[in-house]
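Novice: Next input, structure requested:
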Amino acid sequence: MSLLNNLVFEMMKYYRNDPKQINHFIKVHAYAKLIAEEEYLDKDLQLIVETVAYIHDIGIKNALAKYNSSVGKLQEKEGPDEARKMLTALGYQENVIERVCYIVAHHHTFETIDGIDFQILVEADLLTNYYEDNLPKDNILYSYDKIFRTETGKRIAAELFNIEN
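Specialist: Residues are numbered from 1 along each chain as shown. Presented below is the predicted three-dimensional model:
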């Protein structure tokens, strides 16, 4: 079984009996994989993108347990240690773990986007959240204009939410 398949099953076990969380990371992964492939990322960046798509919200569980809240900053605080433990146990290389943990620690802080891997995760997460949170079109348009950078992410958003490019 591949690293990614092992990871998805570990994340399913981690969020056992929480189909909302499991469905969320599955959808984020699908968008992230599609965007990364269409943007022609190399295999190393593709692995980082797909890995972080599955694990980006791992901090929610501990944030809820410790603070009774899962706001973005608490997810960013609680996520990296859990991600590191899981990725290390699965045999990921240290350079991949470091990059994934950095993105997990900042994935709600859009000013810190510092690479295409991080950009793709943010776009895939937003695409998923727009629908899951039933956001008004004005909110979608605002963040679309401010945050989206990849042609593929823009194309997907345009199709999903009837946005004129």
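Novice: which strands and helices sit next to the helix or strand where Val28 lies?
Specialist: According to DSSP states H and E, Val28 maps onto helix 19-38. Where contact means 3 or more CB pairs under 8 Å, 6 or more residues apart in numbering; DSSP states H and E, helix 19-38 is packed against helix 3-14, helix 43-55, helix 116-132, helix 151-161. C-betas here are computed from N, CA, C, even on glycine.
Novice: Any buried residues in that helix, and which?
Specialist: For helix 19-38, a neighbour-count test (16 or more other CB atoms under 10 Å) marks 21-22, 24-29, 31-36 as buried.
Novice: what does stretch 142-154 give?
Specialist: 143-144, 148, 150, 152-154.
Novice: would JSON lines of the residues you listed with pLDDT and distance to Asp117 be doable?
Specialist: Listed next are the buried residues of stretch 142-154 as JSON lines, based on pLDDT from 0 to 100; distance: CB to CB, whole Å:
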{"residue": "Ser143", "pLDDT": "92", "distance to Asp117": "19"}
{"residue": "Tyr144", "pLDDT": "95", "distance to Asp117": "20"}
{"residue": "Phe148", "pLDDT": "97", "distance to Asp117": "15"}
{"residue": "Thr150", "pLDDT": "98", "distance to Asp117": "11"}
{"residue": "Thr152", "pLDDT": "98", "distance to Asp117": "14"}
{"residue": "Gly153", "pLDDT": "98", "distance to Asp117": "13"}
{"residue": "Lys154", "pLDDT": "97", "distance to Asp117": "17"}
